[in-house]
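> Sharing a sequence plus its predicted fold:
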Amino acid sequence: MFSIIGILVVLGSVIGGFLMEKGKLPVLIQPAEFLTIAGAAIGTVLAANPMHVLKGVIAGVLGVLKGGGVPEKRYVESLKMLFDVFSKARKEGMIAIEADIEEPEKSPIFSKYPQFLKDHHVSAFVCDTMRMAVTGGVKALDVDQMMELDLEVHHHTSMQPTQALSSMADALPGLGIVAAVLGIVVTMGALGGPPAEIGHKVAAALVGTFLGILLCYGVIGPVAANMTKGLEEHHAFYHVLRVTLLAFIKGTSPILAVEMGRRAIPEHVRPKFAVMEKACREKGAEAGS
């Protein structure tokens, strides 16, 4: 939501300043220039990236416009869920959670958390890690290395759409120059005509450069930066899961493992100790009832 507001502020400020200087708005409306720049920019992205990256770009842009990030509520729910799993494993033995992690969609624990089941990457990360703990014979250090490798692969893959969009933004000023050069070529062909017509064609050529720079630094570039920050927040979410899972695998009690995970949450979305403790007690009461 804030991204949309920011883009509107950029466009409003640019157009407002232009109108304050008695500029004529219709001069900026050049469909041919916009088609040249936007079409060429989209073409560069299509030529440089495979289909899964293109899908990631579309999903990422939609996520930015809708507003993303990992809110405090999701951290609380995720740690509550892990507390339930850890408590069951501690009371009934690790083998008791085997059915839960093998088929999480049928698990009475995981079924309470639809957002967890909906996010296939997160559910696979948690269940695959706990599967190693249930199997036994795997050292905590080895499990940690597997989680780290998993996170590196996921982070690298998730960054590809952002890099593709950043490359598109970097190409826009150059494509604006291309559109401007084409406009000058058209203008040269109209030499000898009415001065008003030549002036209009020169203005259209300059609008090409204007659009390329504006779209780069005022629209596409900021959206790509917002996507990067959103990915960093999700990477921090995975880090919290990793810290919590590793703490339990090392033999830490469920409540202490959850507290270690809480301490790893970024400060601006970190729940208070009392909030997390109350949530875990509520879930503990439900499990015992």
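Perfect, thanks for sending it.
> Please make it C-alpha for all contacts and neighbour counts, starting now.
Noted.
> who's in contact with whatever helix or strand Lys88 lives in?
Element membership of Lys88 [criterion: DSSP states H and E] is helix 72-92. Contacts to helix 72-92, defined as C-alpha atoms under 8 Å, 6 or more residues apart in numbering, come from residues 95-97, 109-110, 113, 116, 237, 241, 245, 248, 254-255, 258, 261-262, 265, 269-271, 276, 279-280, 283-284, 287.
> and after that helix, which helix or strand comes next?
By DSSP H and E, the next helix or strand past helix 72-92 is helix 98-102.
> now the strands for the stretch 1-150 of the chain?
Here the stretch 1-150 of the chain has no strands by DSSP state E, counting those that start in this stretch.
> which residues of it fall in helices?
Assigned by DSSP state H, counting those that start in this stretch, the stretch 1-150 of the chain shows helices spanning 2-20, 31-48, 51-66, 72-92, 98-102, 114-118, 120-135, 140-189.
> Can I get those helices in a markdown table including mean neighbour count and mean pLDDT?
Shown next, in a markdown table, are the helices of the stretch 1-150 of the chain (neighbours: other C-alpha atoms under 10 Å; pLDDT from 0 to 100):
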| stretch | mean neighbour count | mean pLDDT |
| --- | --- | --- |
| helix 2-20 | 14 | 89 |
| helix 31-48 | 16 | 92 |
| helix 51-66 | 16 | 89 |
| helix 72-92 | 19 | 94 |
| helix 98-102 | 18 | 92 |
| helix 114-118 | 15 | 92 |
| helix 120-135 | 17 | 91 |
| helix 140-189 | 18 | 91 |
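> Need those in JSON lines (columns: distance to His200).
Output for the helices of the stretch 1-150 of the chain, formatted as JSON lines (distance: least, C-alpha to C-alpha, whole Å):
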{"stretch": "helix 2-20", "distance to His200": "17"}
{"stretch": "helix 31-48", "distance to His200": "13"}
{"stretch": "helix 51-66", "distance to His200": "35"}
{"stretch": "helix 72-92", "distance to His200": "54"}
{"stretch": "helix 98-102", "distance to His200": "67"}
{"stretch": "helix 114-118", "distance to His200": "54"}
{"stretch": "helix 120-135", "distance to His200": "54"}
{"stretch": "helix 140-189", "distance to His200": "9"}
